[in-house]
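Engineer: coords please:
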Amino acid sequence: MALYSGEENRKAVLQILHMLLASCGEQLEVTDKDEDGLFLSRLIDDTSREFYGRRLACPTTVEHNYDVTSVLLAVLRECLITHRWLVALRVLMTVVHRLPKHYGRTVLQCILELCSQLSLSLPDSLVLQLKTYAELTEYQVAVECFMWQVAAGQRLSACRATLAPLARRRPVQGRDDLRDRLLVRAYDGLASYAQYLDAHRTLGHLISDSEKELRDETSIRMKACARDALEKWDGLVDFPGVWDVFVVKQVELMEQAEDLDGAEDVLLKYAGHRHRSDDRDWSTEVWPNALHLLYAFYERHPHPDNERRRLEVLEQLCSLVPSHHLTLTLYGTWRDDVAMKQEKDRIGLLFGLLDYAAWRDDQRPWRLLCRELIHCASSLEPDHTSSQFTADLDAVRRAWTVRKDWWPPYHFIDACLSSLPSDETMSLIGFKASVAHLLLSASNSYTLRALSLADCVTVKTKGVSQLKKVVRKWSTLLLDS
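Structural biologist: Purely as a prediction, here's the structure:
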């Protein structure tokens with residue numbers, strides 16, 4: 001390929017781009033005949049200077065300078081950034097035949113973006129050509145084009161035609177396209193699910209006796225689409241990956257078919273509670289959402305035999321995601337189960353939850369932590385010598401030891417206290433100040449400021465009442481002793 005070594009190549013680039021602009025109806029910023037192409041000249045100069053100065057990855061092997069293709073590619077990038085879609089399309093059509101290997105994905109994304117912005121259809125011949133790019137599998141192209149066509153609102157039948165594989169696949173040494181083939185099959189199942197939903201909605205409107213024949217036909221079509229979707233998704237969870245969008249629909253269809261054992265088995269495999277097809281244990285690679293889906297299944301279908309499993313799944317989920325909203329549900333389960341009180345660290349669970357900013361202003365964990373700390377403070381009284389109180393106090397000490405340096409400036413900042421807080425906010429402040437009183441000292445600035453605010457409010461909220469009771473009745477836990 002000729003290098004950009006003189007005025008001839010520069011004029012060739014200008015001429016090509018000028019013709020492309022004229023053919024698509026774009027207007028140049030300058031119309032004087034003597035300055036024809038001045039804007040493009042500046043654009044090429046600027047983008048080429050950036051291309052060369054930053055030593056960007058050159059699309060061709062160039063040792064000393066940049067060539068015409070590199071300049072055109074830089075101009076294409078500039079056109080896409082500035083949303084000059086028609087210009088970008090014409091430049092792309094020129095560049096696409098000059099690009100070297102390993103640029104197939106770039107070409108694919110550019111084509112889909114331009115077709116979307118210009119409301120152009122995606123020709124089947126172009127899809128077929130894209131499927132032959134060496135660095136792309138035809139399955140990758142199929143999924144990308146399918147999703148683009150669906151988002152563009154095209155007919156589902158046309159979208160599904162994109163997923164059809166090539167009649168003869170060119171093998172590429174050293175490339176494993178198993179995951180790509182699974183994705184194509186999964187999205188094909190999703191298309192069947194969409195047809196199932198359409199038939200289900202239609203069936204809901206066919207209620208008169210005169211429409212019985214049409215209703216029976218629609219019911220048969222709906223069941224066929226559901227079966228096809230389940231067949232496409234069968235075995236999907238045997239392979240590691242995030243398959244949420246498919247698993248949710250798969251379980252939904254199984255539940256409607258009253259195949260609860262099959263649905264549970266799918267969710268167990270997805271959550272890593274079953275060995276996979278290659279006999280590897282993927283439990284250490286669990287996607288937290290998979291555990292959430294399994295827990296939700298047990299919640300929808302309660303059974304005495306599944307209660308232990310439900311609790312185990314919930315514990316594993318909260319262990320992986322300490323800030324999960326179901327952590328409060330786990331805390332309530334541990335608290336209500338008398339047999340667990342000596343085994344589960346409810347206090348540590350609440351401390352872990354409040355480490356996260358999402359819970360800093362949530363009244364619920366502060367109220368619960370305040371109650372736990374009050375129980376611990378009760379153990380300091382002479383008439384309380386229960387081993388359970390001692391264990392709870394040890395749990396508080398363990399949790400506080402690793403937080404005592406950063407929790408006060410993180411949670412208990414008196415400068416953040418509003419002079420006119422709302423009733424809900426004042427209740428939150430009351431519970432937080434109670435916790436600060438028990439963890440820090442009776443004279444800490446946050447608690448003193450909260451007490452001052454509590455004397456000014458007219459509505460006595462639960463948090464304010466709790467704060468005054470804690471300050472009056474209980475001393476600091478003295479965790480450093």
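
Engineer: alpha carbons only for contacts and neighbour counts from here, please
Structural biologist: Fine.

Engineer: where in the stretch 151-300 of the chain is pLDDT low?
Structural biologist: In the predicted model, the stretch 151-300 of the chain carries pLDDT under 70 at residues 166-176, 209, 274-285.

Engineer: elements contacting the lengthiest helix in the chain?
Structural biologist: Using DSSP state H, we find that the single longest helix of the chain is helix 178-205. Counting contacts by 3 or more Cα pairs under 8 Å, 6 or more residues apart in numbering; DSSP states H and E, helix 178-205 packs against helix 138-151, helix 156-162, helix 212-233, helix 244-256.

Engineer: show me how far the longest one is from its chain's centre.
Structural biologist: Right, the one you point to is helix 212-233. Helix 212-233 sits 32 Å away from the centroid of its parent chain (Cα atoms, centre = their mean, to the nearest Å).

Engineer: Leu477 looks like it's in a strand, true?
Structural biologist: No: assessed with DSSP: H, G, I helix; E, B strand; the rest coil, Leu477 is coil; it does not lie in a strand.

Engineer: hmm, it is touching Ser379, no?
Structural biologist: No: counting by Cα atoms under 8 Å, Leu477 sits too far from Ser379 to count as a contact (9.7 Å).

Engineer: what number of residues lie near His325?
Structural biologist: A count of nearby residues for His325, using other Cα atoms under 10 Å, gives 13.

Engineer: before we move on, what about His437?
Structural biologist: 25.

Engineer: thinking it is in contact with Asn444, fair?
Structural biologist: Yes: if you go by Cα under 8 Å, His437 and Asn444 touch, sitting 7.0 Å apart.

Engineer: could I get the helices and strands packed on helix 178-205 as a markdown table with mean neighbour count?
Structural biologist: Compiled in a markdown table, the helices and strands packed on helix 178-205 are given as follows (neighbours: other Cα atoms under 10 Å):
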| stretch | mean neighbour count |
| --- | --- |
| helix 138-151 | 20 |
| helix 156-162 | 17 |
| helix 212-233 | 18 |
| helix 244-256 | 17 |
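
Engineer: could I get those as CSV with distance to Ala199?
Structural biologist: CSV is the format used below for the helices and strands packed on helix 178-205 (distance: least, Cα to Cα, whole Å):
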stretch, distance to Ala199
helix 138-151, 18
helix 156-162, 14
helix 212-233, 5
helix 244-256, 14
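
Engineer: who wins for proximity to Leu291 among the ones you listed?
Structural biologist: Nearest to Leu291 among these is helix 244-256 (10.9 Å), distances taken as Cα to Cα.

Engineer: give me the contacts around that closest one.
Structural biologist: For helix 244-256, the surrounding residues in contact (Cα atoms under 8 Å, 6 or more residues apart in numbering) are 186, 190, 193, 226, 229-230, 233, 237, 260, 262-263, 266-267, 289-290, 293.

Engineer: if we use 10 Å, what do you get?
Structural biologist: Residues outside helix 244-256 that contact it (Cα atoms under 10 Å, 6 or more residues apart in numbering): 186-187, 189-190, 193, 196, 223, 226-227, 229-234, 236-237, 257-267, 270, 287, 289-290, 293, 297, 301.

Engineer: which of these count as buried?
Structural biologist: For the contacts of helix 244-256, a neighbour count by 16 or more other Cα atoms under 10 Å gives the buried set as 186-187, 189-190, 193, 196, 223, 226-227, 229-230, 232-234, 236-237, 260, 263-267, 270, 287, 289-290, 293, 297.

Engineer: as a check, name the ranges of all helices in the stretch 301-450 of the chain.
Structural biologist: With DSSP state H, counting those that start in this stretch as the criterion, the stretch 301-450 of the chain has helices at 307-320, 327-336, 346-354, 363-378, 387-401, 407-411, 423-439, 445-454.

Engineer: any idea of the angle the second one forms with helix 346-354?
Structural biologist: Calculated by axes from the mean of the first three to the mean of the last three Cα atoms, to 10 degrees, helix 327-336 forms an angle of 170 degrees with helix 346-354.

Engineer: C-alpha coordinates for helix 327-336, PDB please?
Structural biologist: Provided in PDB are the C-alpha atoms of helix 327-336 (Å, rounded to 0.1, in the frame of the first residue of the first chain):
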ATOM      1  CA  THR A 327     -29.300  -9.200  55.200                       C
ATOM      2  CA  LEU A 328     -32.000  -7.800  57.400                       C
ATOM      3  CA  THR A 329     -34.200 -10.800  56.600                       C
ATOM      4  CA  LEU A 330     -31.300 -13.100  57.600                       C
ATOM      5  CA  TYR A 331     -30.900 -11.100  60.800                       C
ATOM      6  CA  GLY A 332     -34.500 -11.500  61.600                       C
ATOM      7  CA  THR A 333     -34.300 -15.300  60.900                       C
ATOM      8  CA  TRP A 334     -31.300 -15.700  63.200                       C
ATOM      9  CA  ARG A 335     -33.000 -13.600  66.000                       C
ATOM     10  CA  ASP A 336     -36.300 -15.400  65.900                       C
END
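
Engineer: what helices and strands are in contact with it?
Structural biologist: Applying 3 or more Cα pairs under 10 Å, 6 or more residues apart in numbering; DSSP states H and E, one finds that helix 327-336 makes contact with helix 307-320, helix 346-354, helix 363-378.

Engineer: show me which parts of it are buried, residue by residue.
Structural biologist: Buried, per 16+ other Cα under 10 Å, within helix 327-336: 327-328, 330-331, 334.

Engineer: picking that back up, chain center to the longest helix of the chain: distance?
Structural biologist: From the chain centre to the centre of helix 178-205 is a distance of 22 Å (Cα atoms, centre = their mean).

Engineer: now it: buried residues?
Structural biologist: Per 16+ other Cα under 10 Å, helix 178-205 contains these buried residues: 180-196, 199-200, 203.

Engineer: need the overlap of contacts for Leu477 and Ser379.
Structural biologist: Joint contacts of Leu477 and Ser379 (Cα under 10 Å, 6+ apart) are 373, 393.

Engineer: for the stretch 1-150 of the chain, which spans come out with low pLDDT?
Structural biologist: 1-69, 71, 94, 97-101, 132-135.

Engineer: count of neighbours near the residue nearest to Leu453 when sequence neighbours are not counted?
Structural biologist: For Leu453, ignoring the flanking residues on the chain, the nearest one in space by Cα to Cα, 6 or more residues apart in numbering is Ser419 at 7.1 Å. Using other Cα under 10 Å, Ser419 has 12 neighbouring residues.

Engineer: which residues touch Trp148?
Structural biologist: 112-113, 115-116, 122, 142, 154, 159.

Engineer: please, a PyMOL command that selects the buried ones among those residues?
Structural biologist: In PyMOL, this line selects whichever of those come out buried by 16+ other Cα under 10 Å:
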select buried, resi 112+113+115+116+122+142+159
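
Engineer: adding secondary structure and distance to Gly352, write the contacts of Trp148 out as JSON lines.
Structural biologist: Output for these, formatted as JSON lines (DSSP: H, G, I helix; E, B strand; the rest coil; distance: Cα to Cα, whole Å):
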{"residue": "Leu112", "secondary structure": "helix", "distance to Gly352": "45"}
{"residue": "Glu113", "secondary structure": "helix", "distance to Gly352": "44"}
{"residue": "Cys115", "secondary structure": "helix", "distance to Gly352": "49"}
{"residue": "Ser116", "secondary structure": "helix", "distance to Gly352": "46"}
{"residue": "Leu122", "secondary structure": "coil", "distance to Gly352": "51"}
{"residue": "Ala142", "secondary structure": "helix", "distance to Gly352": "45"}
{"residue": "Gln154", "secondary structure": "coil", "distance to Gly352": "48"}
{"residue": "Cys159", "secondary structure": "helix", "distance to Gly352": "47"}
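
Engineer: of the contacts of Trp148, which is the nearest to Arg84?
Structural biologist: Among the contacts of Trp148, Glu113 lies closest to Arg84 (Cα to Cα), at 12.0 Å.
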